[in-house]
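Colleague: Give the three-dimensional model of this entry:
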Amino acid sequence: MWVMFLSTHESTRAPAGVLLAVLLTGQTMASMDGSIVTVALPSIQRDLGASGAALQLIVSGYLLTLGVLIVTGARLGDLLGHRRAFLVGLAGFTGASLLCGLAPTAPMLVVARVGQAAAAALMIPQVFSLIQLRFAGLALRRAIGLYSTVLALGVAIGQIIGGLVVGADLFGLSWRPAFLINVPVGGMLTIAGMRWLPWAERTARRFDLTGVGLLTVAMAALVTPLVFGRQYGWQLWTWLSLLTGAGLLAVFKRFERLVADRGGLPLLDLDVLRPRGVKPGLVACLLVMGCYTAFLFAFTLHLQEHLGFGPFGAGLAFVPYASGFAALSLTWTRLPDRVQTALPVVGPLLFATIAVIMAEVFADGWTPGPLAPLLFAAGVGHAAGYSPLIAQLSAVVGHERASALSALNSTGPMLASVMAIAGLGSLYLAAGLTWTLAAIAALLLGGAASAGFARHSLTGSSALQARPRPSDVAR
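Modeller: Numbers count the residues shown, from 1 in each chain. You can find the predicted model right below:
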């Protein structure tokens, strides 16, 4: 009955700001929940008597489920309609958050977290799809700038809010408000969404169940060892699982091509990768997002383990970074077109330079003076390397493959983040912050090179031109 109500309630034309507010608030909730629980783990352990394995599942179960299901969630948007899929996912996420906040035992909390992730996997891809479908030209680029800010900074914001909420011990509930805060926000957002979200026509009538099965097993085989490998010392099963996952992805790719060649509707439209510049552009985005995650992980641990910061203080230390990212994301559309096309190359180079400088700063000892401006500049470099490039790729791909690009843009950064923590996180634990920052700088140089290839291919395309639509927002 609830799903039917979500699907039949009439919506009215939404102002651009209201439409973005609804979509991006939902994205923020899902992005924050990956990290907000981290700060609450000690309280959860004391309150529920959770074991170390249970704590790991509370954190990693969310990420694992999200990684396995997010591409399927994107395709369900085509099948159900993006509006309906977003609202159903949002309602499920809100309900699962309530279950998390009321969970009496650790196993029930783990199950509720998996439910949260499954609902988020349906909701998240619709955000980018609706932005691509309902905005055009300058409005599209500005919307993507805001979307990128939420996507990139949700982890840091979650850590700050988590530290604040748990530390306040609201109503004597300890860690529970970290989840319960989603309930009133999600409820109001659902009501707003039913009123303001535009209808999006269903573009799929069939569902590729074989593709779903192949991709689900492949992603589970890939993500599971990346999440748990370091904890279990990278035993043989982790490497076998990675190889199996890679092999199944190759089988999935071949199967999807066969489905398309026979006139069927594949789970993931791989033709999204055909336009020149899309592949190197996505690679550049993945490298930048992965390096950001590794930077956040290593720097946060260094602040807490070596410099005496608490979780909340470590989160606040990233405010200059967030400010730099937001400043560039919200203003790059006002720059000349030639500058906009250069930003995806210049951004990773700037980020890499800051990483090298910070490596030298921490190698010589703790000097807090230059930290804030360095973090601000790193945030600017991160934004320059991500937001403009995603906008260019979105324009090149076009509306007909919006869901496929959304699936790749949702799955890619998540996988890059998991791989970054597995690889560069292990490097930090073994060799410290200086070597980790040096590795991040090297990878960012690769990101700049990949963005350069994409820029060359995209030059002269319609990536920075307005699309021929009657308006910039929803009909």
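
Colleague: quick one, phi/psi of residue 331?
Modeller: Backbone torsions of residue 331, given as degrees, to the nearest 10, read phi -130, psi -10.

Colleague: Can you list the buried residues in stretch 335-355?
Modeller: For stretch 335-355, the neighbour count (16 or more other CB atoms under 10 Å) marks 340-355 as buried. All C-beta spots, glycine's among them, are computed from the backbone N, C-alpha and C.

Colleague: so how far is residue 174 from the residue nearest the centre of the chain?
Modeller: In the chain, the centroid-proximal residue (CA atoms, centre = their mean) is residue 151; its distance is 5.0 Å. Noted for residue 151: a distance of 29 Å to residue 174, by CB to CB, to the nearest Å.

Colleague: How about residue 451?
Modeller: 45 Å.

Colleague: Comparing these two, which residue is more hemmed in?
Modeller: Per other CB atoms under 10 Å, whichever of residue 451 and residue 174 has more neighbours is residue 451, with 33 against 16.

Colleague: What is the strand or helix carrying that one packed up against?
Modeller: Secondary structure from DSSP states H and E places residue 451 in helix 433-458. If you count contacts as 3 or more CB pairs under 8 Å, 6 or more residues apart in numbering; DSSP states H and E, helix 433-458 packs onto helix 278-306, helix 337-363, helix 371-397, helix 402-431.

Colleague: you'd agree residue 150 is up against residue 26?
Modeller: No: between residue 150 and residue 26 there is no contact, the gap being 9.6 Å when judged by CB atoms under 8 Å.

Colleague: who has more neighbours, the two?
Modeller: residue 26 (28 against 23).

Colleague: Can you verify my assumption that the more buried one contacts residue 125?
Modeller: No: using CB under 8 Å, residue 26 makes no contact with residue 125, being 11.4 Å away.

Colleague: Show me the shaky parts of the protein.
Modeller: Residue ranges of the chain with pLDDT under 70: 1-14, 200-205, 311, 363-369, 459-475.

Colleague: thinking again about what came up before, highest mean neighbour count out of the helices and strands packed on helix 433-458?
Modeller: Among these, ranked by average contacts under mean count of other CB atoms under 10 Å, first place goes to helix 371-397 (a mean of 25).

Colleague: Look at residue 456 and say how many residues are nearby.
Modeller: Neighbours of residue 456 under the rule other CB under 10 Å: 13.

Colleague: what sits against it?
Modeller: residue 277 (CB atoms under 8 Å, 6 or more residues apart in numbering).

Colleague: again, only this time at 7 Å
Modeller: By CB atoms under 7 Å, 6 or more residues apart in numbering, the contact set of residue 456 is empty.

Colleague: Please report how far it lies from residue 106.
Modeller: Relative to residue 106, and taking CB to CB, residue 456 is found at 52 Å.

Colleague: Same question for residue 72.
Modeller: Counting by CB to CB - residue 72 and residue 106 are separated by 28 Å.

Colleague: Looking at these two, which is more packed in?
Modeller: Higher neighbour count among residue 72 and residue 106: residue 72, with 24 against 20, using other CB under 10 Å.

Colleague: For the helix holding residue 451, could you pull out the residues that count as buried?
Modeller: Within helix 433-458, the residues that count as buried by 16+ other CB under 10 Å are 433-441, 443-445, 447-455, 457-458.

Colleague: try stretch 304-315
Modeller: 309, 311-312, 314-315.

Colleague: From those, pick the one nearest residue 59.
Modeller: Comparing the buried residues of stretch 304-315 against residue 59 with CB to CB places residue 311 closest, at 13.8 Å.
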